[in-house]
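*Asks:* got a sequence here, can you build the structure:
(2 chains)
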Amino acid sequence: MNQSRLRAAAIVSFAITAMAIQALFGVVYAADKRMYYWSGHQRVITSANNTPGKIKSSEAALLKLIKKTDEAGRRVAPGLLAEYGYFFFERGEFDTAIYWFEREIGEWPESAVLMKKMIERAREGLNS
Amino acid sequence: MNAAGLRAASLPLILLLLAGCGSAPKKQGFDYGPLVASDPRSLLVVARSYSSPRSPARRVVLSTITQALAERGYYVLPARMSESLAAQPGSDYRFATPLWKVESTRRKLQQEASREPGLASVEKLVYSKAQEKKIIEKQKRDRQKAIDELERLEASWRQELIEDQTAEIAAFFGADAVMFVDLLDWSDRVAEESGLLEYNPTRTHSVRLHYHLKGNQGLTLWRAEQGMRITIKGGSGVIEKIWKTFANKSGDEIKAQLVRETHRRVIENRKQEIGGHMYSGVAPMLVGPYHSFYEKDRARRRGVN
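*Replies:* Numbers count the residues shown, from 1 in each chain, chains lettered A, B, ... in the order given. Here you go, the predicted structure:
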């Protein structure tokens, strides 16, 4: 009898410990959960000075990321709308670039100083 | 349940409680005052590599740090766009300019500028007096040219030290603070080898990252350093890739590519640690305003300091 009680006590204590550890890891996991989607971001950053083909593919990856975020009803990560707009700016498609720069300001007011500068440059490009 | 059973059952709980006590936050010596007072919302990340300018590792670091800071609640300015703007002709801020390259040119010019015009005694036997005069005149002109170039370089060199320009950079980009990340101590041991076939892929490669957050008034808000190392086992993939890409290149080019590739592998392998370090080190970086722990974290730091 004593043996079975001891076994039961050991099982109970094991279960409690396991639950505590799970709860602990759960907290860590929850804290580690990402706020934004980032897939393809590294490709965008490493695409500077790359071949036009690679730039094109990183631009496509970024658009996919933005669409995925929009569809999920989440906030696009800081800077990504501006990065996407900058691809158009580099190609001289200033109208489209302005749209994305304005969207960045709408999502992230902290970007206003830089985005307003970029919009100004894009407007200069449109008028030239 | 008897006493022995109760003891057996309570032991893990006691251990857990003790573990909880042990992990209570300790008082840190780091002065968070300036960071708390500055309370930055928007950050610009500037990643620099001193010894491997073309290394893709620098860009991997730039992307990783950008993501880590954004995930911790800061607005991080678009990294590719900011670098591109800084690299444009006429820009005063060249983030990615390798200081390594400037330094080697400076050393070369210093050598030329300090060289006394004149011929060696053996050379005097070969050249006539008239030729000697011409050669010395040319040496004088070259020396003066080196002195002038050195002066110009020194002036632009000061410009390269962009940490002194933090206030201007922050104002231009509209950032509350600038996070400078330097990649240091690239272990260049691969370059000691004479060629591709002698490359030992099982070496341990290490990289050190130095973080320096400066506020838009130029004040240091946070500093940290992180070391990373990996031992590459097997590594045939690296060799194959480089062999295919650089089969017709010189030994030096192959060596340089090997160094870049191994550095990239160190960073890629330790990518998860890069962001994590900022928040788990001795003096972790505070979370930003978009993070759910923002108020709590800030209040705690105020209490500590």
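*Asks:* pLDDT on the longest helix seen in chain B, on average?
*Replies:* Longest helix in chain B by number of residues, with DSSP state H as the criterion: helix B:129-160. Here helix B:129-160 scores 78 as its mean pLDDT.
*Asks:* what is that helix packed up against?
*Replies:* Packed against helix B:129-160, as judged by 3 or more Cβ pairs under 8 Å, 6 or more residues apart in numbering or on different chains; DSSP states H and E, are the following elements: helix B:99-113. C-beta coordinates here come from the backbone N, C-alpha and C atoms, glycine included.
*Asks:* I'd like the next helix or strand past the helix it packs on.
*Replies:* helix B:121-126 (DSSP states H and E).
*Asks:* so where is the chain shaky, pLDDT-wise?
*Replies:* In the absence of a named chain, chain A is used. A:1-3, A:11-12, A:14-32, A:47-50 (pLDDT under 70).
*Asks:* please refer instead to chain B.
*Replies:* Within chain B, the segments meeting pLDDT under 70 span B:1-29, B:49-56, B:89-107, B:153-164, B:184-206, B:229-264, B:303-305.
*Asks:* and the helices in it?
*Replies:* Using DSSP H, helices in chain B cover B:3-22, B:33-38, B:56-71, B:79-87, B:99-113, B:121-126, B:129-160, B:166-173, B:236-246, B:251-269, B:271-280, B:294-304.
*Asks:* nearest residue to B:Asp176 other than its sequence neighbours?
*Replies:* Leaving out its chain neighbours, the residue that sits closest to B:Asp176 by Cβ to Cβ, 6 or more residues apart in numbering or on different chains is B:Pro40, at 3.6 Å.
*Asks:* now B:Phe293
*Replies:* B:Val287 is the one closest to B:Phe293 (Cβ to Cβ, 6+ apart), at 5.1 Å.
*Asks:* can you check B:Ala171 too?
*Replies:* What sits nearest to B:Ala171 in space, not counting adjacent residues and going by Cβ to Cβ, 6+ apart, is B:Asn216, at 6.8 Å.
*Asks:* which single residue in chain A comes nearest to chain B?
*Replies:* Residue of chain A nearest chain B, by Cβ to the nearest Cβ: A:Val113 (2.4 Å).
*Asks:* and the helix or strand that residue falls within, how far out from the chain middle?
*Replies:* For A:Val113, the host element (DSSP H and E) is helix A:112-127. In terms of Cα atoms, centre = their mean, to the nearest Å, the centre of helix A:112-127 is found 24 Å from the chain centre.
*Asks:* can you point out the buried residues in it?
*Replies:* For helix A:112-127, the neighbour count (16 or more other Cβ atoms under 10 Å in any protein chain shown) marks A:Val113, A:Leu114, A:Met115, A:Met118, A:Ile119, A:Arg121, A:Ala122 as buried.
*Asks:* and if you look at stretch B:294-305?
*Replies:* For stretch B:294-305, by 16+ other Cβ under 10 Å, it's B:Tyr294, B:Asp297, B:Arg298, B:Arg301.
*Asks:* can you tell me which of these is nearest B:Leu221?
*Replies:* The closest of the buried residues of stretch B:294-305 to B:Leu221 turns out to be B:Arg301 (Cβ to Cβ; 12.1 Å).
*Asks:* which residues of chain A fall in helices?
*Replies:* According to DSSP H, the helices that chain A contains are A:2-32, A:41-46, A:52-71, A:80-91, A:94-107, A:112-127.
*Asks:* first vs last residue of stretch B:283-291, how far apart are they?
*Replies:* In terms of Cα to Cα, to the nearest Å, the two terminal residues of stretch B:283-291 are separated by 18 Å.
*Asks:* to clarify, my last question referred to stretch B:287-295.
*Replies:* 9 Å.
*Asks:* give me the residues contacting stretch A:102-118.
*Replies:* With Cβ atoms under 8 Å, 6 or more residues apart in numbering or on different chains as the test, stretch A:102-118 has contacts from A:75-76, A:78-79, A:81-82, A:85-86, A:89, A:97, A:101, A:119, B:41-42, B:75, B:77-78, B:81-82, B:173-174, B:176.
*Asks:* go again using 6 Å as the cut-off
*Replies:* A:Pro78, A:Leu81, A:Ala82, A:Phe101, B:Arg41, B:Ser42, B:Tyr75, B:Phe173, B:Gly174 (Cβ atoms under 6 Å, 6 or more residues apart in numbering or on different chains).
*Asks:* buried subset of the residues you listed, written for ChimeraX?
*Replies:* The buried residues among the contacts of stretch A:102-118 can be selected in ChimeraX (16+ other Cβ under 10 Å) with this line:
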select /A:78,81,82,101 /B:41,42,75,173,174
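*Asks:* redo the contacts of stretch A:102-118 as JSON lines? Include distance to B:His277.
*Replies:* Shown next, in JSON lines, are the contacts of stretch A:102-118 (distance: Cβ to Cβ, whole Å):
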{"residue": "A:Pro78", "distance to B:His277": "21"}
{"residue": "A:Leu81", "distance to B:His277": "28"}
{"residue": "A:Ala82", "distance to B:His277": "27"}
{"residue": "A:Phe101", "distance to B:His277": "33"}
{"residue": "B:Arg41", "distance to B:His277": "22"}
{"residue": "B:Ser42", "distance to B:His277": "22"}
{"residue": "B:Tyr75", "distance to B:His277": "21"}
{"residue": "B:Phe173", "distance to B:His277": "25"}
{"residue": "B:Gly174", "distance to B:His277": "27"}
